[in-house]
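Participant: Got a predicted structure here, sequence first:
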Amino acid sequence: MDDNRLAAELRAIVGERFVLTDSAELRAYECDGNTIFRRTPRAAVLPASTDQVARVVRLLASNGIAFIPRGAGTGLSSGVVPQNGEVMIGLSRMNRLIELDLRNHRAVVEAGFPNLKITQAAQDAGFYYAPDPSSQPVSSIGGNVAENAGGAHCLKYGVTTNHVLGLTVVTPDGAVVRLGGKSLDATGYDLVGLMVGSEGTLGIVTEVTVRLLRRPQGFKTVMALFDSIAQASDAVTGVIGAGMLPGALEIMDKQAIIAVERGPLRVGYPEGQEAVLLIDVDGLSAGLDAQVEAILRICREAGCTEVRAARNLEERLKWWANRKGAFGAAGNLAPNYVVQDGVIPRSKLTEVLAVVGEVGEKYGLTIANVFHAGDGNLHPLICYDARVPGSTGKALTAGSEILAACVRAGGAISGEHGIGIEKMADMLVAFSPDDIAVQLAVHDALDPRDLANPGKIFPC
Ligand SMILES: Cc1cc2nc3c(=O)[nH]c(=O)nc-3n(C[C@H](O)[C@H](O)[C@H](O)COP(=O)(O)OP(=O)(O)OC[C@H]3O[C@@H](n4cnc5c(N)ncnc54)[C@H](O)[C@@H]3O)c2cc1C
């Protein structure tokens, strides 16, 4: 089908304004938050309902045209970057709250609904949606489902897969299926679990049923300052090893602290500070002080030099805005950066962070570390200057070497950002050919013509 005819048929489904074919307009769809990989799609189409998504997919499937679902485009593994003339299906118009069912602690939203808005819709009644990626004001719940997003407070409450109970999905041939629902345990195969983290390669999520949690009665936020990242990591291992489960345990190293302190979100860390551990505890107000004291005792044993407690909600929010703004703040260190996303057993934090430092030295690159320490989810921000020839390649190679170290330490190559294009080659380090063949067999059963976000995740 030629481009003009395709555009006309797509417009007949979604309306004149919602099919983009102009090359300037399509530039907005050429990449996600990882700007290294870029390519414009053949067209972008913006449906407004599950029915329109299904009709668009059926049109494309009947003509053998592949498609890419896109949420807010904040992904960090280039999962929305076209490989070969795919049509982008953007979910941004599907941003309605369908149902707030507080009696059952559930919300049903369209896939383009931003994560944070779920909490905003429920908070007056004392509820919230727990998974909190730092991108939560913008990233869509559909994108969160596709990447199995995590966040600072997922240590205690679990990641996206632990909070998604039901999905409406348009399959790669355009059928509409409903998986799971409002109850905790759906019968049959766990297809909700399969869809979560599938990066748009098994179909398009159009509606999501999530679990809402009661907001804890109280919070305490403290920070512990350390003279070395190893001491901060030891404190994290000590806290969890002692059987405590804080709401969040987040570490920033010296470079990350420099980055955030150079921006508008600064909180006033001492100059030259080597590491900070940000700690949230939550629960019944009565027990919080004792919890904090027990945690700080372990921090002191690990060598912490100073402790600060947030004096009020405003300060707490400021500290968290500082931490959650750390990726963006890497722009204060270098013109470009690429963020990696390895996971390791917590007890290996010190060992693998040493490797991160060695890799940075080997390639002459500044690497800032900001990470979900409690989960062992590392986020080395590898800084480089794309204007220097060879610099981008070095940053990517450095990232792969760090991921290989994570695998050697018994970890994995993605904690929450997915594989996309960026980490496809690293799949061969993490999985055997047989492991990959089993995953591909599942893929091929559901998308035999490889129409849903092709050329992602699997290196072959
Ligand atoms: C500053 C910053 C901070 C971040 N912090 C975190 C963090 O703390 N934790 C974390 O987990 N991630 C984080 N991310 C990464 C990113 O925000 C998440 O991966 C998020 O889940 C992506 O959502 P999105 O709507 O932007 O998806 P997109 O980028 O649009 O798409 C991501 C992938 O999901 C697929 N997809 C999107 N929508 C659908 C759908 N409806 N159905 C099927 N497939 C779909 C796409 O095809 C693509 O493969 C951060 C990103 C940035 C830029």
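Facilitator: Cool, got the structure. Please read all numbers here as calculations on a predicted model, not as lab measurements.
Participant: Can you list phi and psi of Gly247 for me?
Facilitator: phi -60, psi -40 (degrees, to the nearest 10).
Participant: Just to check, it is in contact with Asp280?
Facilitator: Yes. Using CB atoms under 8 Å, Gly247 is in contact with Asp280, at 3.9 Å. Backbone N, C-alpha and C define where each C-beta goes, glycine included.
Participant: quick one, which of these two is more surrounded?
Facilitator: Asp280 (24 against 21; other CB atoms under 10 Å).
Participant: that older thread, shared neighbours, Gly247 and Asp280?
Facilitator: His153, Phe219 (CB atoms under 8 Å, 6 or more residues apart in numbering).
Participant: Look up how far the ligand lies from the residue nearest to Arg106 when sequence neighbours are not counted.
Facilitator: Leaving out its chain neighbours, the residue that sits closest to Arg106 by CB to CB, 6 or more residues apart in numbering is Lys182, at 5.0 Å. As judged by CB to the nearest ligand atom, to the nearest Å, Lys182 and the ligand stand 20 Å apart.
Participant: Glu401 too?
Facilitator: 22 Å.
Participant: For that residue, give me its contacts.
Facilitator: Contacts of Glu401 by CB under 8 Å, 6+ apart are Val355, Val359.
Participant: State the phi and psi torsions of it.
Facilitator: Per degrees, to the nearest 10, the backbone of Glu401 is at phi -70, psi -40.
Participant: Any idea what the nearest residue to Ala186 once chain neighbours are set aside is bridged to?
Facilitator: Beyond its immediate neighbours in the sequence, the residue positioned closest to Ala186 (CB to CB, 6+ apart) is Gly180, lying 4.2 Å away. Legend: beta-bridge partners of Gly180 under DSSP bridges are Gly166.
Participant: Was I right to think Gly180 contacts Thr209?
Facilitator: Yes. Gly180 is in contact with Thr209 according to CB under 8 Å; the separation is 7.0 Å.
Participant: Could you check which of those two has the larger neighbour count?
Facilitator: Thr209 (25 against 22).
Participant: For that one, give me the backbone phi and psi.
Facilitator: According to degrees, to the nearest 10, Thr209 has phi -100, psi 120.
Participant: neighbours around the nearest residue in space to it that is not next to it in sequence, how many?
Facilitator: Leaving aside its sequence neighbours, Thr209 sits nearest to Gly166 (CB to CB, 6+ apart; 3.4 Å). Using other CB under 10 Å, the number of residues around Gly166 comes to 18.
Participant: what's the distance between Gly166 and Gly410?
Facilitator: Separation of Gly166 from Gly410 (CB to CB, to the nearest Å): 34 Å.
Participant: coming back round to it: quick one, what contacts the residue nearest to Ala186?
Facilitator: Val164, Leu165, Gly166, Leu167, Ala186, Leu191, Val192, Thr209.
Participant: Widest-spaced pair of these?
Facilitator: Within the contacts of Gly180, Leu191 and Thr209 form the most distant pair, 13.5 Å apart (CB to CB).
Participant: Quick one: end-to-end distance for stretch 221-236.
Facilitator: 15 Å (CA to CA, to the nearest Å).
Participant: hang on, the earlier thing: so who does the residue nearest to Thr209 touch?
Facilitator: Val108, Arg178, Leu179, Gly180, Gly181, Lys182, Ala186, Val192, Glu207, Val208, Thr209.
Participant: filter these to the buried ones?
Facilitator: When neighbours are counted using 16 or more other CB atoms under 10 Å, the contacts of Gly166 contain these buried positions: Val108, Leu179, Gly180, Lys182, Ala186, Val192, Glu207, Val208, Thr209.
Participant: Would you quantify the distance from the fifth one to Gly142?
Facilitator: Okay, so that is Ala186. Distance of Ala186 to Gly142, computed by CB to CB: 19 Å.
Participant: and the stretch 151-300 of the chain, which of its residues are near the ligand?
Facilitator: Counting by CB under 6 Å from any ligand atom, the stretch 151-300 of the chain comes close to the ligand at Gly151, Glu199, Gly200, Ile204, Val205.
Participant: so what pLDDT did the second one get?
Facilitator: Confidence per residue is given as pLDDT, and for Glu199 that number is 98.
Participant: Spit out the contact partners of it.
Facilitator: Here Glu199 is in contact with Gly79, Ala146, Glu147, Gly418, Ile419, Gly420, Asn453, Lys456, Ile457 (CB under 8 Å, 6+ apart).
Participant: Check the secondary structure at it for me.
Facilitator: coil (DSSP: H, G, I helix; E, B strand; the rest coil).
Participant: Distance check, Pro335 against His417.
Facilitator: According to CB to CB, Pro335 and His417 sit 21 Å apart.
Participant: So between the two, which is more surrounded?
Facilitator: His417 (28 against 12).
Participant: So the more buried one belongs to a strand, correct?
Facilitator: No. Secondary structure of His417 (three-state DSSP): coil, not part of a strand.
Participant: Retrieve the pLDDT associated with it.
Facilitator: pLDDT, His417: 95.
Participant: what sits against it?
Facilitator: Gly75, Leu76, Ser77, Glu147, Val339, Asp341.
Participant: tell me the two of the residues you listed that are most distant?
Facilitator: Counting by CB to CB, the most remote pair of the contacts of His417 is Glu147 and Val339, 13.4 Å apart.
Participant: picking that back up, can you classify the residue nearest to Arg106 by secondary structure?
Facilitator: coil.
Participant: Show the contacting residues for it.
Facilitator: With CB under 8 Å, 6+ apart, Lys182 has these contacts: Asp101, Asn104, Arg106, Leu165, Gly166, Thr209.
Participant: Beyond the helix or strand encompassing Ser400, next helix or strand please.
Facilitator: Under the criterion of DSSP states H and E, Ser400 resides in helix 391-408. Sequence order places helix 427-430 as the next helix or strand after helix 391-408, per DSSP H and E.
Participant: which outside residues touch that following helix?
Facilitator: For helix 427-430, using CB under 8 Å, 6+ apart, the contacting residues are Ser400, Leu403, Ala404, Val407, Ala412, Ile413, Ile419, Ile436, Ile457, Phe458, Pro459.
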